[in-house]
Structure formats: structure tokens, C-alpha cells
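In: this is a predicted model, with the sequence first.
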Amino acid sequence: MAASRSPMQIILGSSSAPRQQILAEMGYEFTIMAADIDEKGIRRENPEELVMTLAEAKADAIMSKLQHIDFQKDDEPTVLITADQVVVYEGIIREKPSNEEEARQFIKGYSVGHAVTVGSVFVTKFCSSKKKLGDFINDWDVVQIYFHAIPDEVIENLIEEGAVLKVAGGLLSEHPLMSPLIESLVGTADSVMGLPKALTERLIQEVL
């Protein structure tokens, strides 16, 4: 568990189970709100710029929802955490697969190759009673993942389960079927899962 924290409320602006797991592992209690934005309506050629823009757009959308919600502890600051991630393969940005065939092509491409995850974290501090966008800080993180050969049977099992359709690049490196096939990882596993612990902790402390 984490050390003693400053009094605050935390909202995680994500419905991602891995992000919720990671934030809980960091010792934080939090509530969950989904942004529900049209992610494909926001385009940027640079992956770092794209994930930063998307995370900020999620924060804006959630702040709009919060205008109609009352908080129990208005004397404590509220911290909103949003995040986004894409996979870059051979210089091409990959978001969530649009269908099973695209997911299949994505995963086959990683076989005896490597992928890069680019993730962002956007942390906003605001006064609960005023519910106005306050101080914010953001940054991004990169991880390189190198794979052994990925058997077709593994790919088909992953697609049948369906979870690969809900993640950037169809990449589930932490999945029991995929993790043994990772040759090396340059970076941290929590970053690949969508919420780098060290970066998130630093941003929270800086915005406070």
C-alpha cells in the first residue's frame, strides 16, 4: 500500500479494468466515470500528440458531466485522471481494431517483431464546489515490446475471447496466452496496461 496521502477525492476517467487495477495497486481510492467521446473523431499524425489530445478531450467531457453532480466533501480537492494509449507498429498508429480480421492482422504483425505503446496521463485538480477546470498537468510514456513467434492458435483464442477488440492495437501483452511470448520489454508492464504508475504518481503530486 502507498504511504499517507493528502486528503483528496480521485475520479478515474476510464472504464478500463487494467487502469482501475493499477490505480488501486497504487493505494488510491477512487470513483469511476467514463468520458464516452468519439475517439476516432480526433486525429493527429504524431502518436504522442494524439494520446495527449485524447486524454485532454476525455477530461473536458467528464468535467462537463461533473457540472451536474454534487460532491460529499467540498473542502477537499478533487483530482481527475484520464489517460489514452495507442500502439505504433512500423511507424503506423494503431488504435482499437475495428473488427476481428483487423485484430488478427495486428497480432500476426507482432510475431517475431516488436510494437511500441505510447500512452498519456492527464491529471486535473479542481475545487469540488466550483466544478471548474483548474490546474492540470500531463505527460506521455513509451514502451517497446519484442515478441517471439505467436502461434495462430493463440491468435484465434485471443480473438474468440474478444478482449483484443477493446484495446489499442489488439495488444494484450499481460494476457496469459501472450505474456510467455514476450522476448523483452523496454519499459514497464503497467505502462503497457494503460496507466504507468511512476508517471501517474508524479503528475498527481505535482498538480497538488
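Out: Perfect, I can see it now. None of the values given here were measured: they were computed from a predicted structure. Residues are numbered from 1 along each chain as shown.
In: any weak-confidence spans in this protein?
Out: 1-6, 68-75, 127-134 (pLDDT under 70).
In: would you map the helices across it?
Out: Secondary structure of the chain by DSSP state H: the helices cover 17-25, 47-66, 100-110, 152-161, 189-192, 197-207.
In: can you put those in CSV and add mean neighbour count?
Out: Where you see a C-beta, it was placed from the backbone N, CA and C, and this is true even at glycine. Output for the helices of the chain, formatted as CSV (neighbours: other C-beta atoms under 10 Å):
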stretch, mean neighbour count
helix 17-25, 17
helix 47-66, 20
helix 100-110, 18
helix 152-161, 14
helix 189-192, 23
helix 197-207, 17
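In: now those helices in CSV, with distance to residue 135?
Out: As requested, the helices of the chain are exported to CSV (distance: least, C-beta to C-beta, whole Å):
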stretch, distance to residue 135
helix 17-25, 20
helix 47-66, 12
helix 100-110, 37
helix 152-161, 41
helix 189-192, 24
helix 197-207, 5
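In: out of these, flag the one nearest residue 116.
Out: Nearest of those to residue 116, taken as C-beta to C-beta: helix 47-66 at 8.1 Å.
In: tell me which other helices or strands that closest one touches.
Out: For helix 47-66, the elements it packs on are strand 77-89, strand 114-127, strand 135-147, judged by 3 or more C-beta pairs under 8 Å, 6 or more residues apart in numbering; DSSP states H and E.
In: try it again at 10 Å.
Out: Taking 3 or more C-beta pairs under 10 Å, 6 or more residues apart in numbering; DSSP states H and E as contact, the helices and strands that helix 47-66 lies on are strand 9-12, strand 77-89, strand 92-94, strand 114-127, strand 135-147.
In: residue 165: which of those strands is closest?
Out: That would be strand 92-94 among these, by C-beta to C-beta, at 12.5 Å.
In: quick one: closest of the helices and strands packed on helix 47-66 to residue 32.
Out: strand 9-12 (5.3 Å).
In: for the closest one, which outside residues touch it?
Out: 19-20, 22-24, 28-34, 59, 62-63, 65-66, 69, 71-74, 76-83, 123-124, 126, 128, 195, 204 (C-beta atoms under 10 Å, 6 or more residues apart in numbering).
In: do stretch 144-151 as well
Out: By C-beta under 10 Å, 6+ apart, stretch 144-151 touches 87-88, 107-117, 157-158, 171, 173, 177-178, 180-187, 189, 192.
In: do the same with stretch 93-100
Out: Taking C-beta under 10 Å, 6+ apart as the rule, stretch 93-100 contacts 39-40, 43-47, 50-51, 54, 84-88, 102-107, 109, 115-118, 156, 159-160, 162, 164-171.
In: again, 8 Å this time
Out: Outside stretch 93-100, the residues that touch it by C-beta atoms under 8 Å, 6 or more residues apart in numbering are 39-40, 47, 50, 86-88, 103, 106, 159, 164-171.
In: next, the buried residues of stretch 137-152.
Out: 138, 139, 140, 141, 143, 145, 147, 150 (16 or more other C-beta atoms under 10 Å).
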